[in-house]
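In: Need coordinates for the below:
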Amino acid sequence: MLAVAGGKGGSGKTTTTLGLARAHPDTVLAADLDWEMPNLHAMAGVNRPSRTENSHLWGPEWPGRSRAEGFDCDVLPAPPVSGGERADVLSGLSRLQATATPVLLDCPCGIAPDAVKPLSFADRTVIVTTLCRASVRGAVKTAAASRAVGTPVSGVIATRTATAGSRLESLLDAPVLATIPETDDSPLSSPAVRESYARAIDSLVAENPPDYQTWKTRNNS
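Out: I've put the predicted structure just below:
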């Protein structure tokens, strides 16, 4: 599982989750863990159930799972649960770990328990940030939180910018996987944005050599 995380709201985590899902060589499951401000379902164009009958069943077979048309991925919307039910829902992450399907976790921002807990289930983390000071500061804290729970940081994706220098890599102690340019259009409809996410997946998949040739075949076809 890959956690897509960041320290500040509005940095582009959900856009990045779907952008990486579209570029991934396999059909992935994108799961929304942002209880307070869920929007993965809206961006992916799928319905979010108004309630969940058994929050502890949240996982690959949860009835809210839907195919996101145009993104070549499945989406698991955030279940509408109260604070007392969240522990049950988070326990469903172990079911996601057990599936053979690659999973992208659209994590809440910040370093509160709801935001950090998903990181402990992930195999690695990608940090998403803009270059504004508050966003970078939050990204540094999120990277530290990920490492504190034993999940390595694979890299950082800088959004709303055409460049990101070595300073950002130094602060997060992680490589810049891609920069996502600002666009007047819907970001995921922009060829330049899609190409940037493809480069990020290029770097991520290269960490797992058996998958790399599959990715190159798909993207060169």
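
In: okay, CA-based contacts and neighbour counts for the rest of this
Out: OK.

In: and the gap between Pro152 and Leu96?
Out: 19 Å (CA to CA, to the nearest Å).

In: and those two? which has more neighbours close in?
Out: The neighbour comparison of Pro152 against Leu96 (other CA atoms under 10 Å) goes to Leu96, with 23 against 19.

In: Need the three-state assignment for the more buried one.
Out: Put simply, Leu96 is helix when judged by DSSP: H, G, I helix; E, B strand; the rest coil.

In: now Thr125
Out: strand.

In: What of Ala178?
Out: Classified using three-state DSSP, Ala178 is strand.

In: and it, how many residues sit next to it?
Out: Ala178: 25 neighbours (other CA under 10 Å).

In: same thing with Ser66?
Out: Using other CA under 10 Å: Ser66 sits among 20 other residues.

In: Okay, it and Asn39: tell me how far apart.
Out: Taken as CA to CA, the span from Ser66 to Asn39 is 14 Å.

In: Ala144 too?
Out: For Ala144, the distance to Asn39 - CA to CA - is 26 Å.

In: And the pLDDT at Glu69?
Out: Listed pLDDT for Glu69 reads 78.

In: so how far is stretch 173-181 from its chain's centroid?
Out: 14 Å (CA atoms, centre = their mean, to the nearest Å).

In: surely Ala162 meets Pro181?
Out: Yes - under the criterion of CA atoms under 8 Å, Ala162 makes contact with Pro181 at 5.0 Å.

In: Compare neighbour counts for the two and give me the winner.
Out: Pro181 (16 against 12).

In: and the more buried one, backbone torsions?
Out: Main-chain torsions, Pro181, degrees, to the nearest 10: phi -70, psi 150.

In: Let's see the pLDDT reported for it.
Out: pLDDT, Pro181: 93.

In: Do I have it right that Asp32 meets Leu40?
Out: Yes - contact criterion CA under 8 Å: Asp32 and Leu40 qualify, at 6.0 Å.

In: Would you map the strands across the chain?
Out: 2-5, 28-32, 66-68, 73-76, 103-106, 124-129, 153-159, 176-180 (DSSP state E).

In: Would you mind putting the ones you listed into JSON lines with distance to Ala139 alongside?
Out: Formatted as JSON lines, the strands of the chain follow (distance: least, CA to CA, whole Å):
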{"stretch": "strand 2-5", "distance to Ala139": "8"}
{"stretch": "strand 28-32", "distance to Ala139": "19"}
{"stretch": "strand 66-68", "distance to Ala139": "28"}
{"stretch": "strand 73-76", "distance to Ala139": "25"}
{"stretch": "strand 103-106", "distance to Ala139": "15"}
{"stretch": "strand 124-129", "distance to Ala139": "6"}
{"stretch": "strand 153-159", "distance to Ala139": "9"}
{"stretch": "strand 176-180", "distance to Ala139": "13"}
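
In: and the ones you listed, which one is worst for confidence?
Out: strand 66-68 (a mean of 84).
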